[in-house]
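> give the three-dimensional model of this entry:
(4 chains)
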4 protein chains.
Amino acid sequence: MGIRAAVAGASGYAGGELLRLLAGHPEFDLVVATAHSQAGQRLDAVHPHLTGLDVTFGETRPEVLAEADLVFLALPHGESAAIAAQLPAGVRIVDLGADHRLADADAWARYYGGRHAGTWTYGLPELPGQRERIAAADRVANTGCYAATITLALAPLIAAGVAQPDDVVVVAASGTSGAGRGAKAHLLASEVMGDLSPYKVGAHQHVPEIKQATGATGLSFTPVLAPMPRGILATVTALPTGAADPRAVLAQAYADAPFVHLLPEGRWPHTAATLGGNSCHLQAGVDVDSGRLIVVAALDNLGKGAAGQAVQNANLMFGLPETTGLSVWGTAP
Amino acid sequence: MGIRAAVAGASGYAGGELLRLLAGHPEFDLVVATAHSQAGQRLDAVHPHLTGLDVTFGETRPEVLAEADLVFLALPHGESAAIAAQLPAGVRIVDLGADHRLADADAWARYYGGRHAGTWTYGLPELPGQRERIAAADRVANTGCYAATITLALAPLIAAGVAQPDDVVVVAASGTSGAGRGAKAHLLASEVMGDLSPYKVGAHQHVPEIKQATGATGLSFTPVLAPMPRGILATVTALPTGAADPRAVLAQAYADAPFVHLLPEGRWPHTAATLGGNSCHLQAGVDVDSGRLIVVAALDNLGKGAAGQAVQNANLMFGLPETTGLSVWGTAP
Amino acid sequence: MGIRAAVAGASGYAGGELLRLLAGHPEFDLVVATAHSQAGQRLDAVHPHLTGLDVTFGETRPEVLAEADLVFLALPHGESAAIAAQLPAGVRIVDLGADHRLADADAWARYYGGRHAGTWTYGLPELPGQRERIAAADRVANTGCYAATITLALAPLIAAGVAQPDDVVVVAASGTSGAGRGAKAHLLASEVMGDLSPYKVGAHQHVPEIKQATGATGLSFTPVLAPMPRGILATVTALPTGAADPRAVLAQAYADAPFVHLLPEGRWPHTAATLGGNSCHLQAGVDVDSGRLIVVAALDNLGKGAAGQAVQNANLMFGLPETTGLSVWGTAP
Amino acid sequence: MGIRAAVAGASGYAGGELLRLLAGHPEFDLVVATAHSQAGQRLDAVHPHLTGLDVTFGETRPEVLAEADLVFLALPHGESAAIAAQLPAGVRIVDLGADHRLADADAWARYYGGRHAGTWTYGLPELPGQRERIAAADRVANTGCYAATITLALAPLIAAGVAQPDDVVVVAASGTSGAGRGAKAHLLASEVMGDLSPYKVGAHQHVPEIKQATGATGLSFTPVLAPMPRGILATVTALPTGAADPRAVLAQAYADAPFVHLLPEGRWPHTAATLGGNSCHLQAGVDVDSGRLIVVAALDNLGKGAAGQAVQNANLMFGLPETTGLSVWGTAP
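Take a look at the predicted model:
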């Protein structure tokens, strides 16, 4: 038997994607999947696309999860900390929730409310030096899906002094799985199909994480719900410093990153090309009229934005090649 | 018989929407509909949703159109000018193409190529004083669909000195009908469903029109193709001057505009609510982190963005109430 | 003031479509709109596409509705009867629910449970003699959306002896608005987009109504949920008797029906062409291999399948032309 | 190096899916991918979801393909035969086109026109004895996507005498990728989204293949285009003989089939659950009103309906486990 893996919160969309990835992973063996209201249900009743996997959901309790070597927490924001605190030190944990991402406890209190649970190693391997930190960590805070997208587009440009950090404008649209599986009226298919709708305009709880990870000091972030199940497209603009060519900076930053692809000049990322895989597609240019830098990033919010990223982090934590069990390619059309 | 109306380019999507609106218009009577490759076809074979209208497409020639009192030109960009020049002076024309929108001949040459055909009265009645200019005009250049959306969101704020004109950032997504009915591989349903894709990033031909109509002097405009048949959602951000409350400015600007609705505070526009109608929904706020003004506008690109706007302009040109034959309400879900 | 109209259950999808149609109706004036959990809400908060209508939802109580001349009941199945029984005799009622459709009390008990509320005039004006019966009625039971579609396709063929009634096979797919506005997990956009899913296979509660209205004696009916907001496409097959040409029979049956269109030979109905209008499109043919009759019908489940049909019935009940306030044309694309 | 594989017609949707599957296959190595008008293009320009694969399309000529041990032909119907005839006898071929599927040359002439190219081993491993025949074959004719779906649902029931073969009625809806990647106006996203449209009603060219593979003697088959990129849902009804329980027959027929899943009672197949995988989901029941058998099957038209099936056949032809490089699970939501 390989490395024993558990998924807490396995009935949601990120949890389901983790189960799918683990089912095809050569080293991680799913030993426990837990859920809240769906505990006791067969996996294939909750995730019909995984028909053929013989698993029944357990309850999300520490003693159930503790039998694993590796625990993925795919719980609602604010619920990871209590569970994590009760798991043995030897169990490695990747938390897909927001609880342990922020370094700034005040920002947590302001945007999420309540007491900050502490800061874990930030789970974006493509940041400089981060691959090594993740490999050495027992506790990793997976990125948020918007933060992953925007950070991959912007962080190297700010770090290299190519983009000014103080007037960054981002409009990013996400497929509906990013909003979770809760039965809410505004997420009904009748409401969403044929519709684009902005939400949490002017004050989104992911802003502190995005600023922390990108180095932006001034950020206008407008998220939009788009009529598709998966995918994030982020359009990131910033004022240039003129220091260097943004494409050259991105090319160098991701030269050794198997999942981040700077597209050939003239081709812009689009979300469908990343569906089901762990890749992020990038392109950068300069607006001829305004002179602003424009960087566009696309990825699968459940892949590189959540479950795929989590498996990538776990691979590093166990000394495996980071691509193990993950696909570079999307499923299209 | 009422006012005799003709539609040139009636086989496309904007043309089809014009036919639908004219079929329900109490004063304009369709006497001629023309097409290019579809000339000779029955209307309901080309537009099955208009089954029950007994019309056969004629050829797009000046002498065919000249029997009308009112001609709508829904032709590809660059083809209106030649036809318009051959129509009698007494015929009133609304051109849905770009040919006569720009005041600046150089901008035309730079973005469209070729010789500029001249400037007509700009067909956006909600601009200050424009309703009267349109009423007095025989030739009106209908707005582009992106320009209409962005101008309704931004022009009053720049005019009132509330928004700075020099660093405007716009990301706007459009449904596929905005890309026309030509059979192109990248517009196939298989490619578009589940996909968001930016296009013409950094250099879109509508930039000069948007700057001219909004008063913006620096504009970063990124258009995105969205997986829905209709609708435009524009997210417009600009640096504030602090001079006044943006919502108050918008409320005053559109106090008498039957088709422009500033939503109650806290509700943001979304595209599906405008489908099939002639309304534009607006909301404005200030980003708590960056302090930028954010204005979001939604409308139906074939309605207020094209055919509905054209009928509204024609109503004014013939002294009719501007709402004649148009719906304020969308069709949802 | 015209005829005073009330809508009970105005917060749902059929209720919202009724409000939209009444807003454009020249004779019916909306005086009351009621809701259950949304009572007290402004209409445009619940139906953003109707922004501009100044209405607040009342509670669904008989004394609130009794001030109207005409009451539309758009309530969940089983809730109409109690309300209707408490309305004055002089108030004309169109019930969009199932409560009063069936002639057979046993069928009601078997498929819906509980006691049957009684049988009202069946609200499908295109059935022989039905237009007159509706015009004379104070109480009309609007058809179900599947029943309307299938009946328009099949009833004339069985009545004319062209189709055998005893081995009818129907597969019909509906857009999601047919499933209502309740927040249910299987109706989430994430689940529905990209998906076709059959439901209630082998035992749907609409079977008795369809048999009653079509004359079929043996019926296999399989409904499918389709990834679109509106529209029903019914594929109806039956064994032929060889008595006459099915197209000729349909053409004659609907010669005077303004909303039912037998398409020219070779063109088959599709749902998008009927969106937002009150039309039903039909085509019939014979399968070359099996010899079975195939009739396909398309309509908008909220239009001719619900709210449009209800307004058509109300028009007849008040002696108005049946097309008053209704569109023959769909909104496309 | 492993087994050298070539894909002819790699620029289309089935070809693209083959490339994706081969990229993850541990034994087959892509050595050549050819195209027609796209020859000379880089693979990732044509299939952006495969960005990261370094391949340039060659021309579809026999000498280019002959260097492979295994050739997949994903060419338009009617074009495989000429190419196949020029490939060396030692090269194993899986033809995804229709050219070599039919045993009856007259049926070919009637539905496709022209001279029949001959009959190859039929590539549906789940038919009795077929796994062995495919393993022994050098030339395999992959099933059509509709035929695969319907045959998996129906063939065991006819073979076991549970379903009568003479009055089978099928309505099957397909996602748009089944219609190919050619730029046709009726396949534009603007036309397809929100729409269900039947096509080739009463005389589809796949009828002979379906009858041959299922054993049906009388078949009414109506295909419908659905607004989703992938997936086929087939609703198959037949008169029962009463000989045995249909679920028991299906359970036994597929007891050893890794890709065909009879769902637990009460759960019906839906297409999204099969996206990107090679599985077919099945359920069967009896209509309470008509007594007809109803069998519903769902699969991915590009997976088990085309490219996945082709790889499964190729695995068998080379003595590999039939699941090599294929996923049982779908990607959802």
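> for A:Val64, helix, strand, or coil?
Recorded secondary structure, A:Val64: helix (DSSP: H, G, I helix; E, B strand; the rest coil).
> that one: what's it in contact with?
Neighbouring residues of A:Val64 by C-beta atoms under 8 Å, 6 or more residues apart in numbering or on different chains: A:6, A:32, A:34, A:58. For every residue, glycine as well, the C-beta is placed using N, CA and C.
> ok, A:Leu152 next?
A:124, A:126, A:260, A:280, A:282, A:297, A:299.
> ok, A:Gln38 next?
Counting by C-beta under 8 Å, 6+ apart, A:Gln38 touches A:11, A:46, A:57.
> go again using 10 Å as the cut-off
Counting by C-beta atoms under 10 Å, 6 or more residues apart in numbering or on different chains, A:Gln38 makes contact with A:10-12, A:15, A:45-47, A:57.
> how about it: what's its closest non-neighbour residue?
Excluding its sequence neighbours, the residue lying closest to A:Gln38 (C-beta to C-beta, 6 or more residues apart in numbering or on different chains) is A:Ser11, at 4.2 Å.
> about what we covered before: and the contacts of A:Gln38 as TSV, adding pLDDT?
Output for those, formatted as TSV (pLDDT from 0 to 100):
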residue	pLDDT
A:Ala10	98
A:Ser11	98
A:Gly12	97
A:Gly15	98
A:Ala45	96
A:Val46	97
A:His47	98
A:Phe57	98
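> just give me the closest of the residues you listed to B:Ala306.
Closest approach to B:Ala306 among these (C-beta to C-beta): A:Gly12, at 41.2 Å.
> around the closest residue to that closest one other than its chain neighbours, how many other residues sit close by?
The shortest distance from A:Gly12 to any non-neighbouring residue, by C-beta to C-beta, 6+ apart, is to A:Arg181 (5.0 Å). Residues within reach of A:Arg181, counting by other C-beta atoms under 10 Å in any protein chain shown, total 20.
> C:Leu188 is in contact with A:Arg181, correct?
Yes: look at A:Arg181 against C:Leu188 with C-beta atoms under 10 Å: they come within range, at 6.9 Å.
> what sits in contact with each of these two?
A:13, A:187, D:333.
> identify the residues contacting the last one.
If you count contacts by C-beta under 10 Å, 6+ apart, D:Pro333 has them with A:13, A:16-17, A:47, A:49, A:175-177, A:181, A:229-230, A:302, C:188-195, D:272-273, D:275.
> go again using 8 Å as the cut-off
D:Pro333 makes contact with A:13, A:16, A:176-177, A:229-230, C:190-191, C:193-194, D:272, according to C-beta under 8 Å, 6+ apart.
> which ones are touching A:Gly16?
Counting by C-beta under 8 Å, 6+ apart, A:Gly16 has contacts A:10, A:46-47, A:49-50, D:332-333.
> show me what counts as buried in the strand or helix carrying it.
In this assignment (DSSP states H and E), A:Gly16 forms part of helix A:13-23. Going by neighbour count (16 or more other C-beta atoms under 10 Å in any protein chain shown), the buried part of helix A:13-23 is A:13-23.
> quick one on the thing from earlier: next step: the contacts of A:Leu152 restricted to helices.
Residues of those located in helices (DSSP state H): none.
> of the residues you listed - the most surrounded one?
A:Leu299 (35 neighbours).
> what's the pLDDT at it?
A:Leu299 carries a pLDDT score of 98 in this model.
> okay, and the beta partners of the residue nearest to it when sequence neighbours are not counted?
Of all residues not flanking A:Leu299 in the chain, A:Cys280 sits nearest, at 4.2 Å (C-beta to C-beta, 6+ apart). Listed beta-bridge partners, A:Cys280: A:Val260, A:Leu299 (assigned using DSSP bridges).
> A:Cys280 touches A:Ala297, doesn't it?
Yes: counting by C-beta atoms under 8 Å, A:Cys280 touches A:Ala297, with 5.9 Å between them.
> using the three-state scheme, assign the nearest residue to A:Ala226 once chain neighbours are set aside.
Excluding its sequence neighbours, the residue lying closest to A:Ala226 (C-beta to C-beta, 6+ apart) is A:Ala173, at 4.2 Å. Using three-state DSSP, the structure places A:Ala173 in strand.
> give the contact list for A:Ala173.
Applying C-beta under 8 Å, 6+ apart, one finds that A:Ala173 lies in contact with A:196, A:223-226, A:232-233, B:173, B:196, B:224, B:226.
> count the neighbours of A:Gly114 for me.
Count around A:Gly114 with other C-beta under 10 Å applied: 10.
> for A:Ser37, that is, sorry about that
Neighbours of A:Ser37 under the rule other C-beta under 10 Å: 8.
> and the closest residue in space to it that isn't next to it in sequence, how far is that from A:Asp44?
Distances taken as C-beta to C-beta, 6+ apart place A:Ser11 nearest to A:Ser37, at 7.8 Å, with adjacent residues excluded. Applying C-beta to C-beta, to the nearest Å, the value for A:Ser11 to A:Asp44 is 12 Å.
> compare these two (neighbour count), which wins?
Neighbours were counted for A:Ser11 and for A:Asp44 using other C-beta under 10 Å; A:Ser11 has more, 24 against 21.
> measure that one to chain D for me?
13 Å (C-beta to the nearest C-beta, to the nearest Å).
> helix/strand/coil for that residue?
Here A:Ser11 is recorded as coil under three-state DSSP.
> what about it, distance to B:Pro227?
The value you get for A:Ser11 to B:Pro227, if C-beta to C-beta is used, is 27 Å.
> A:Val295 bridge partners, please.
A:Val236, A:Ala284.
> correct me, but it touches A:Leu157?
Yes: applying C-beta under 8 Å, one finds A:Val295 in contact with A:Leu157, separated by 6.9 Å.
> so how far is chain D from the nearest residue to A:Ala74 once chain neighbours are set aside?
Spatial nearest neighbour of A:Ala74, excluding adjacent residues (C-beta to C-beta, 6+ apart): A:Gly9 at 3.7 Å. Between A:Gly9 and chain D the distance is 16 Å, computed by C-beta to the nearest C-beta.
> could you do A:Ala284 as well?
From A:Ala284 to chain D the distance is 16 Å (C-beta to the nearest C-beta).
> isn't that residue up against A:Ile294?
Yes: look at A:Ala284 against A:Ile294 with C-beta under 8 Å: they come within range, at 6.9 Å.
> more neighbours: those two, which one.
Neighbours per residue (other C-beta under 10 Å) separate A:Ala284 from A:Ile294, with A:Ala284 holding more: 29 against 26.
> buried sites along the lengthiest helix in chain A?
Secondary structure of chain A per DSSP H: the longest helix is helix A:145-159. Of the residues in helix A:145-159, A:145-159 count as buried by neighbour count, 16+ other C-beta under 10 Å.
> and of the residues you listed, the nearest to B:Trp120?
Closest to B:Trp120 out of the buried residues of helix A:145-159 is A:Ala153 (41.1 Å), distances taken as C-beta to C-beta.
> quick check: the closest one touching A:Ala297?
Yes: under the criterion of C-beta under 8 Å, A:Ala153 makes contact with A:Ala297 at 3.9 Å.
> quick check: neighbours shared by the two?
Here A:Ala153 and A:Ala297 have A:234, A:236, A:282 as joint contacts, going by C-beta under 8 Å, 6+ apart.
> please name the residues that touch the last one.
When contacts are counted by C-beta under 8 Å, 6+ apart, A:Leu282 is found next to A:152-153, A:250, A:254, A:260-263, A:269, A:295-297.
> quick one: name the residues of the stretch 101-250 of chain A near chain C.
Residues of the stretch 101-250 of chain A lying close to chain C by C-beta under 8 Å from any C-beta of the partner chain are A:175-177, A:179, A:181-185, A:187-194, A:227-229.
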